[in-house]
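A.B. asks: Structure of the sequence below:
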Amino acid sequence: MNAVTVRVPAKVNLQLGVGPLRDDGYHDLVNVFHAVSLFDEVTVEPAGGLEVRVQAAPHSRVPVGGVPAGPDNLAARAAGLVAARLGVRPDVRLRIRKAIPVAGGMAGGSADAAAALVGCARLWDDRERPALTRDDLVELGAELGSDVPFAVLGGTAVGVGRGERLTPALARGTFHWVFATADGGLSTPAVYGECDRLRAEAGEETTLPQVSEQLMTALATGDAKGLGAALTNDLQPAALSLRPSLRRTIDAGRDLGAIGAVVSGSGPTCAFLAESADDAAELADALDGAGVAEQVVRASGPVPGATVV
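C.D. replies: Numbering: from 1, shown residues only. Prediction:
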């Protein structure tokens, strides 16, 4: 096999409940992931060593200058894990074409890692040894980061622990989204640190988060308005504290007709839910004209996870 190309989706967090800081430096989470039709593509092909090349996808204005193109890239680390598991040399070139915002709270780096896991497992498949299963790849993904296992699976799922222990969730129908990206990213560790700081400053007692029954009912019944009303993100106050301009973006989306608005993950991308595809198109045009975002893109969900194309 000469090359394998894998398409992998972005995610939006429908609920991100953040518990107290654990002894290992992580937080206990309730993370309702939802994969949306905004895709990166990763092509893996044999090479003389491990190489990473990153570029914006066609028709995408995603700035990729800050994406590491060496061993620090999460996709490169993913290739190394697969090679070690299979007992082969990680002699592979990873060509990453990005449409998912960089450092935008939509798990673009984790998506690329998931694509590298799937692509390398296929490239190095050999009948003389057992093939890696999807469960094997989810397990390897958990070694790389909390969002990687979901990017392998896609769909809609509830993640607990660090977010890596997943249970698929029933979601009927299709939900229509508009995403407003910001100029520059936000550091996930910085946002979690600000969340801890704000809670300590307010004297809040942080408890273990619970899955929202309202959210799960809306997903199971395909109720877009109910889902919009149930969107929550415990990291949103921290993201707004670090990037106050996001408040203007969130407010504009609501004023322009979004039925739900939330900062996606650690931000700074803002996610807006619309009632239909036509409503999403109108909202996207209005947000673009309002000048409150670097870029406005539409997507729908749920969609499958990392898939060979």
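
A.B. asks: Tell me the confidence at residue 207?
C.D. replies: For residue 207, the model assigns a pLDDT of 91.

A.B. asks: Next, count neighbours for the residue lying closest to it once chain neighbours are set aside.
C.D. replies: Using Cβ to Cβ, 6 or more residues apart in numbering and skipping residues adjacent in sequence, the residue nearest residue 207 is residue 19, 6.9 Å away. The way it works is simple: take the backbone N, C-alpha and C, and place the C-beta from them, glycine included. By other Cβ atoms under 10 Å, 17 other residues sit near residue 19.

A.B. asks: How about the one 5 residues further on?
C.D. replies: For residue 24, the tally of surrounding residues (other Cβ under 10 Å) stands at 7.

A.B. asks: check contacts around it.
C.D. replies: For residue 24, no contacting residues are found, by Cβ atoms under 8 Å, 6 or more residues apart in numbering.

A.B. asks: helix/strand/coil for it?
C.D. replies: Following DSSP: H, G, I helix; E, B strand; the rest coil, we place residue 24 in the coil state.

A.B. asks: residue ranges of the helices in the stretch 1-150 of the chain, please?
C.D. replies: Per DSSP state H, counting those that start in this stretch, the stretch 1-150 of the chain carries helices over the ranges 74-86, 108-123, 134-144, 148-153.

A.B. asks: Let's have those helices in a markdown table, adding distance to residue 231 and mean pLDDT.
C.D. replies: Converted to a markdown table, the helices of the stretch 1-150 of the chain look like this (distance: least, Cβ to Cβ, whole Å; pLDDT from 0 to 100):
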| stretch | distance to residue 231 | mean pLDDT |
| --- | --- | --- |
| helix 74-86 | 27 | 97 |
| helix 108-123 | 20 | 97 |
| helix 134-144 | 25 | 95 |
| helix 148-153 | 17 | 96 |
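
A.B. asks: that older thread, so the residue nearest to residue 207 is in contact with residue 26, correct?
C.D. replies: No - applying Cβ atoms under 8 Å as the test, residue 19 and residue 26 come out as separate, 9.6 Å apart.

A.B. asks: excluding its backbone neighbours, what's nearest residue 44?
C.D. replies: In this structure, residue 44 finds its nearest non-sequential neighbour in residue 119, 3.9 Å apart by Cβ to Cβ, 6+ apart.

A.B. asks: Tell me how many other residues surround the one you found.
C.D. replies: Look at residue 119: counted by other Cβ under 10 Å, it has 28 neighbours.

A.B. asks: Residue 297 too?
C.D. replies: Using other Cβ under 10 Å, residue 297 has 23 other residues around it.
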